[in-house]
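**Student:** Here's my sequence, what's the structure:
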Amino acid sequence: MAKLTSISHPLRVDFLPPSSHGLAGQLGMTLAPGRKSQGLIGQWDRDLITDLERLKHHYHCDRLVSLIEDHELVAIGIPTLYEAVRQQGIALSRLAIVDGGTPTDLETYQLLITDLIQALSARETIVIHCHAGLGRTGMLAASILVTKGQPPEAAIAAVRALRPRAIETHAQEQIIYKIAAKI
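**Tutor:** I've put the predicted structure just below:
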């Protein structure tokens with residue numbers, strides 16, 4: 001099986017339509033930049049700097065939101081991700097969530113959502129990632145949409161329209177409903 005690289009498969013960001021959140025900025029979802037691990041479609045062997053340069057220059061990313069745990073950085077071959085993001089001049093927001101899981105501290109999660117909504121209001125281009133850009137990434141994107149008034153079903157559908165396997169677990173779906181109920 002051929003390796004999937006940053007050249008053969010340039011980093012793709014799926015952006016939610018601005019009408020879904022009603023803010024001036026852009027909200028996108030992607031897989032981990034520089035990822036080196038088995039994926040659904042093959043073996044990823046991406047280049048971190050190439051991916052970050054694409055985020056900055058092609059997508060005009062102002063802020064990268066990372067939802068992976070520290071041990072995942074090593075496991076997927078990107079131990080220098082956060083330093084490299086800063087060197088590219090991209091702002092970094094982090095919240096470690098277990099792969100396939102949900103936030104352990106809902107208050108911290110809601111503070112992140114509030115911060116990202118403020119950044120989107122200020123016209124920032126924000127890109128969210130986890131390992132594959134599906135479960136945790138989709139959960140956070142949909143949580144932002146419900147915070148901005150979308151019903152949970154519509155928020156989940158909007159995310160899955162762009163990334164069909166997004167929001168991978170029932171627990172992740174339930175977090176979106178919990179966030180909606182707190183508004």
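
**Student:** backbone phi and psi for residue 64, please?
**Tutor:** Backbone torsions of residue 64, given as degrees, to the nearest 10, read phi -110, psi 130.

**Student:** Number of residues surrounding it?
**Tutor:** 25 (other Cβ atoms under 10 Å). C-beta coordinates here come from the backbone N, C-alpha and C atoms, glycine included.

**Student:** So what's the predicted local confidence for it?
**Tutor:** pLDDT recorded at residue 64 is 99.

**Student:** what residues are up against it?
**Tutor:** 33, 55, 85, 90, 91, 92, 93, 126, 127, 129 (Cβ atoms under 8 Å, 6 or more residues apart in numbering).

**Student:** Restrict those to the buried ones and give me that as a PyMOL selection.
**Tutor:** To isolate the buried members of the contacts of residue 64 in PyMOL, using 16 or more other Cβ atoms under 10 Å:
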select buried, resi 33+55+85+90+126+127+129
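
**Student:** Which of the contacts of residue 64 fall in strands?
**Tutor:** Of these, the ones assigned to strands by DSSP state E are 91, 92, 93, 126, 127, 129.

**Student:** now those residues as TSV including pLDDT and distance to residue 22?
**Tutor:** Output for these, formatted as TSV (pLDDT from 0 to 100; distance: Cβ to Cβ, whole Å):
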residue	pLDDT	distance to residue 22
91	98	22
92	98	25
93	98	21
126	99	15
127	99	19
129	99	23
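
**Student:** Just give me the closest of the residues you listed to residue 27.
**Tutor:** Nearest to residue 27 out of the ones in strands among the contacts of residue 64 is residue 126 (Cβ to Cβ; 5.5 Å).
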